[in-house]
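Student: 3D, please:
(6 chains)
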There are 6 protein chains.
Amino acid sequence: MRPSHIARDGSVTMVDVSSKRITSRYARAEALVRMSRAARVALQAATLPKGDAFVTAQIAGITAAKRTAELIPLTHTLPLSSVDVRFEWRRDGALRIEAEARTAARTGVEMEALVAAAVAALTIYDMSKSLDKGITIDTIRLLQKRGGKSSFEAEKHV
Amino acid sequence: MRPSHIARDGSVTMVDVSSKRITSRYARAEALVRMSRAARVALQAATLPKGDAFVTAQIAGITAAKRTAELIPLTHTLPLSSVDVRFEWRRDGALRIEAEARTAARTGVEMEALVAAAVAALTIYDMSKSLDKGITIDTIRLLQKRGGKSSFEAEKHV
Amino acid sequence: MRPSHIARDGSVTMVDVSSKRITSRYARAEALVRMSRAARVALQAATLPKGDAFVTAQIAGITAAKRTAELIPLTHTLPLSSVDVRFEWRRDGALRIEAEARTAARTGVEMEALVAAAVAALTIYDMSKSLDKGITIDTIRLLQKRGGKSSFEAEKHV
Amino acid sequence: MRPSHIARDGSVTMVDVSSKRITSRYARAEALVRMSRAARVALQAATLPKGDAFVTAQIAGITAAKRTAELIPLTHTLPLSSVDVRFEWRRDGALRIEAEARTAARTGVEMEALVAAAVAALTIYDMSKSLDKGITIDTIRLLQKRGGKSSFEAEKHV
Amino acid sequence: MRPSHIARDGSVTMVDVSSKRITSRYARAEALVRMSRAARVALQAATLPKGDAFVTAQIAGITAAKRTAELIPLTHTLPLSSVDVRFEWRRDGALRIEAEARTAARTGVEMEALVAAAVAALTIYDMSKSLDKGITIDTIRLLQKRGGKSSFEAEKHV
Amino acid sequence: MRPSHIARDGSVTMVDVSSKRITSRYARAEALVRMSRAARVALQAATLPKGDAFVTAQIAGITAAKRTAELIPLTHTLPLSSVDVRFEWRRDGALRIEAEARTAARTGVEMEALVAAAVAALTIYDMSKSLDKGITIDTIRLLQKRGGKSSFEAEKHV
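Tutor: From the prediction side, this is the model:
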């Protein structure tokens, strides 16, 4: 078991995907944003008249996903067929962000989905940080991956 | 208590910092990367001969921090005086990433430190994902902030 | 009367602002988007439940303004204090976009305001083009400029 | 009749192009720059010895077109086969900018052609603004579109 | 014999690659960095405990190669299958940087390999410039090219 | 004698410039492009009617200089006061590119001048490579530096 981007001598390498086939790829990721009860109540009240803050974070996530290859050094530039970001307040008070990415390419879109979720979460943090500097982004993780050699489905969290 | 970027009608706005003074600003943030025991052992073995994977993530974090204003829509472009990213394996098996940012500007560098930590963590994920798709980035949070109107120090985690 | 960026021999040059003083600068620009009556009715209906399309264009304009120096070759990189974009449906059926930019710098922010207005208008076009390929962006122009050697106020349109 | 990027509830979405076929796509757009007679005479005189200002605007338009997906949030990253920008002084004193874009992709290149025309026009504005702050960019519009489901040809202006 | 990007009237143009076939493309380039003996000894000593400076330059080169179309105006956006950068100290005291790029596309990857080598060399310069401002990057050149209409193999240097 | 960006343990670091004063900074760099006699004659003939190829390379160099902090990982984002690029055919047949950069900042602009020269040279290579794949960029070097702790003046080449 070896990480694909790290050679035997410890040096890093961009995986050569020349010989892989172009197939449909899909990935879904999530991020949770947790904040104090007071901050959450204030954020929910502020976003009640219009959810513009969530649209801002959605657009930030989509735009960042399209630039994944600029941010994550060993990733490949991919022509995304679509990417989207959605938000929901969970019953436990966390804001849940889910991002999806699709492409037809030689390699997967896990990083694109994760970047979309992470940047959307950071954007929510930025807009809320005057309420509570202790806001935490936790559990950025891949939920699902299809296409390519292997599929993946995350276990449900409890 | 209102989020500074969200107006009374729910619309978003970039805070006008024209009237703020240029002062020294500092922020420190962390991200934790958790993976299965097998993945951690494999990653530690792979990075033992040379820690190039960590340098890759350090450079990704530094470079992303300098581009925070492109990623997070309502942030201000800042001339960072310095930014750095460090890595340590914790006793509980998590990889801990700490990022620091400094500037002399009209607004703080919390987002720059958080972006550095988040992108470094995503880069580690990218290089390790062939080992374990279930790797999770958790607890991206601000640890400390100095300069400007208010200071902040996160509580120690238990 | 000579354009400041074009030398006597016709070659172009970035104006050296080393000797200019840092002062407060402000600029306001507008763009009008015109479409067929049917397209306008459809766009107004589609954006009635939630104005997310306008937030998308606002964020696109703000983000582009921060990157003006990458887009317009002979402009200077400026630390914007604030930038914003607003939308209104005019009585004549045109969608009016107004953008404002502020900085404290050695040169003005006219281009930043114009880029914000233009990119917001292009984003509206993109989201509406399935309704009417003949949508036209017209009258992108500077409305007001303050700070620096000269002020400017556009004449009212009739 | 609904805009393709706006869902029934008013939220925005990047159109999923996974199931579309890769075909040849072409688009042509124009922008007009209007200025006072004095400014036009001065600009024409300044660009007479060498048309470097127009090359600058051409390169700005080409470079921006390649980055359309970074500027316009819901567009797809496209591998442009070619893009070009041309300039001509019209008899009515307006500077006419025409941009063309080509690709083989799952979606059209209207936005790329429009971005090229708009950024070239803004670059001309930037280089001429010391002559006349009242310079106006008007009539940015699509002239022609081929490939994909529908073709389009703009009506001649009068 | 005419340069493909320059038309008969001296104007520049992005070559239209619409009608070219997608084939495998490969390019290899090198850059040499020369410095005073004292600077070399100091740099070798500083990089002996850990070669992080070389990883930094490797990542800078890889990242820049992926953004070639943003840097070099008339190039096409390419989906690189892989890109890498390697370093070796030559016997004559020069630091030799070799970069390789691969793609399946309608046009070659010479510029991507050259950009990777050049930016890696500039990064080495940046990190070493406190030792010796007279460090020189010389002999950035293409070593090999395969795919497309013509192949190329550089002559050995003596 | 130690490189400022490399710590005692071999790790890299962005130099903290917080405590440095803002002063005027200037740097001048050059790059030479060498090609076969036949390629030079063809390039000179092609650029004779209009020097658009040189304007393209000038704009590429200026634009890249403004983005130096994105390309070279450990550099600081600087607000350039001006940057320019010039070209001349030397008597020995080499094309000489000279770039100048100015700022008022806490750190120097050597990298900005070097990036401008290097990217302008790569752009010339790109536009000429159909003439001669063996074109070589050599002697990218700093010519002069003023401002900050130390000045520098390169020795004349022979």
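Student: any chance you could map the helices in chain A?
Tutor: A:37-46, A:52-66, A:68-71, A:110-128 (DSSP state H).
Student: The longest one and chain D, are they touching?
Tutor: Meaning helix A:110-128. No - Helix A:110-128 stays clear of chain D (C-beta under 8 Å from any C-beta of the partner chain), getting no nearer than 10.8 Å. In short, each C-beta sits where N, CA and C put it, glycine included.
Student: For that helix, the averaged confidence score.
Tutor: Taken as a whole, helix A:110-128 carries a mean pLDDT of 98.
Student: That one - contacts with which helices or strands?
Tutor: strand A:23-34, helix A:52-66, helix A:68-71, strand A:80-89, strand A:95-105, strand A:136-146, helix B:110-128, strand B:136-146 (3 or more C-beta pairs under 8 Å, 6 or more residues apart in numbering or on different chains; DSSP states H and E).
Student: tell me the most buried of the ones you listed?
Tutor: helix B:110-128 (a mean of 29; mean count of other C-beta atoms under 10 Å in any protein chain shown).
Student: Nearest residue to A:G147 in space, ignoring adjacent ones along the chain?
Tutor: A:R25 (3.7 Å; C-beta to C-beta, 6 or more residues apart in numbering or on different chains).
Student: and if you look at A:E112?
Tutor: Spatial nearest neighbour of A:E112, chain neighbours left out: A:A101 (4.0 Å); criterion: C-beta to C-beta, 6+ apart.
Student: Can you verify my assumption that that neighbour contacts A:S82?
Tutor: Yes - using C-beta atoms under 8 Å, A:A101 is in contact with A:S82, at 7.4 Å.
Student: hmm, back to that, among the helices of chain A, which is nearest D:A120?
Tutor: helix A:52-66 (23.1 Å; C-beta to C-beta).
Student: ok, is the closest one in contact with chain E or not?
Tutor: No - Helix A:52-66 stays clear of chain E (C-beta under 8 Å from any C-beta), getting no nearer than 12.2 Å.
Student: That helix: how far from the chain's middle?
Tutor: 11 Å (C-alpha atoms, centre = their mean, to the nearest Å).
Student: for stretch A:86-104, same thing?
Tutor: 9 Å.
Student: Likewise for stretch A:128-146?
Tutor: 10 Å.
Student: end to end, how far does it reach?
Tutor: Stretch A:128-146 has an end-to-end distance of 34 Å (criterion: C-alpha to C-alpha, to the nearest Å).
Student: Equivalent analysis for stretch A:14-29, please.
Tutor: 23 Å.
Student: pretty sure A:E110 is touching B:S130, no?
Tutor: No - applying C-beta under 8 Å, one finds A:E110 not in contact with B:S130, separated by 10.6 Å.
Student: what does chain A have sitting close to chain C?
Tutor: So far as C-beta under 8 Å from any C-beta goes, chain A lies against chain C at A:K50, A:G51, A:D52, A:V55, A:T56, A:I59, A:A60, A:T63.
Student: what's the closest of the residues you listed to D:R2?
Tutor: Checking these one by one against D:R2 (C-beta to C-beta), the nearest turns out to be A:V55, at 18.5 Å.
Student: where's that closest one relative to A:R106, distance?
Tutor: 33 Å (C-beta to C-beta, to the nearest Å).
Student: try A:F87
Tutor: If you go by C-beta to C-beta, the gap between A:F87 and A:R106 works out to 32 Å.
Student: For chain A, what lies in contact range of chain E?
Tutor: Checking chain A against chain E by C-beta under 8 Å from any C-beta, the hits are A:11-18, A:69-70, A:73-74, A:76-79, A:105-106.
Student: give me the low-pLDDT residue ranges for chain A?
Tutor: Residue ranges of chain A with pLDDT under 70: A:157-158.
Student: 90 instead?
Tutor: A:1-2, A:133, A:138, A:148-150, A:155-158 (pLDDT under 90).
Student: and it, which residues reach chain F?
Tutor: Counting by C-beta under 8 Å from any C-beta, no residue of chain A sits close to chain F.
Student: Leaving out chain neighbours, which residue sits closest to the residue in chain A positioned nearest to chain C?
Tutor: For chain A, the residue closest to chain C is A:V55, as judged by C-beta to the nearest C-beta, at 4.0 Å. The shortest distance from A:V55 to any non-neighbouring residue, by C-beta to C-beta, 6+ apart, is to C:V55 (4.0 Å).
Student: which residues touch that neighbour?
Tutor: A:D52, A:V55, A:T56, A:I59, B:S11, B:V12 (C-beta atoms under 8 Å, 6 or more residues apart in numbering or on different chains).
Student: so the first one makes contact with B:T13?
Tutor: This means A:D52. No - counting by C-beta under 8 Å, A:D52 stays clear of B:T13, with 9.4 Å between them.
Student: overlap in contacts of those two?
Tutor: Going by C-beta under 8 Å, 6+ apart, residues that sit against A:D52 and also against B:T13 are B:I6.
Student: C:G148: which of the contacts of C:V55 is nearest?
Tutor: B:V12 (29.0 Å).
Student: Distance check, the closest one against A:D52.
Tutor: Counting by C-beta to C-beta, the gap from B:V12 to A:D52 is 5 Å.
Student: quick one: common contacting residues for those two?
Tutor: B:I6, C:V55.
Student: so A:R90 makes contact with A:I97?
Tutor: No - counting by C-beta under 8 Å, A:I97 is not a contact partner of A:R90; they are 10.7 Å apart.
Student: Need the residues touching each of the two.
Tutor: A:L32.
Student: Next up, the contacts around A:A29.
Tutor: Taking C-beta under 8 Å, 6+ apart as the test, what A:A29 contacts is A:E98, A:A99, A:E110, A:A113, A:L114, A:A116, A:A117, A:I140, A:R141, A:L142, A:L143.
Student: rerun that using 7 Å as the cut-off
Tutor: Neighbour list for A:A29: A:A99, A:A113, A:L114, A:A117, A:R141, A:L142, A:L143 [criterion: C-beta atoms under 7 Å, 6 or more residues apart in numbering or on different chains].
Student: A:M127 versus the third one, what's the distance?
Tutor: Spelled out, it's A:L114. Taking C-beta to C-beta, one finds A:L114 at 21 Å from A:M127.
Student: A:T136: what's its closest spatial neighbour, skipping adjacent residues?
Tutor: B:R141 (4.4 Å).
Student: For that neighbour, give me its contacts.
Tutor: So B:R141 contacts A:T136, B:A29, B:E30, B:A154 (C-beta under 7 Å, 6+ apart).
Student: Specify the beta-bridge partners of the third one.
Tutor: The one in question is B:E30. Residues in a beta bridge with B:E30, per DSSP bridges, are B:E98, B:R141.
Student: my read: it touches B:Q144, true?
Tutor: No - under the contact definition of C-beta atoms under 7 Å, B:E30 does not touch B:Q144, with a separation of 9.9 Å.
Student: Quick check, the residue in chain A closest to chain F?
Tutor: A:E70 (8.5 Å).
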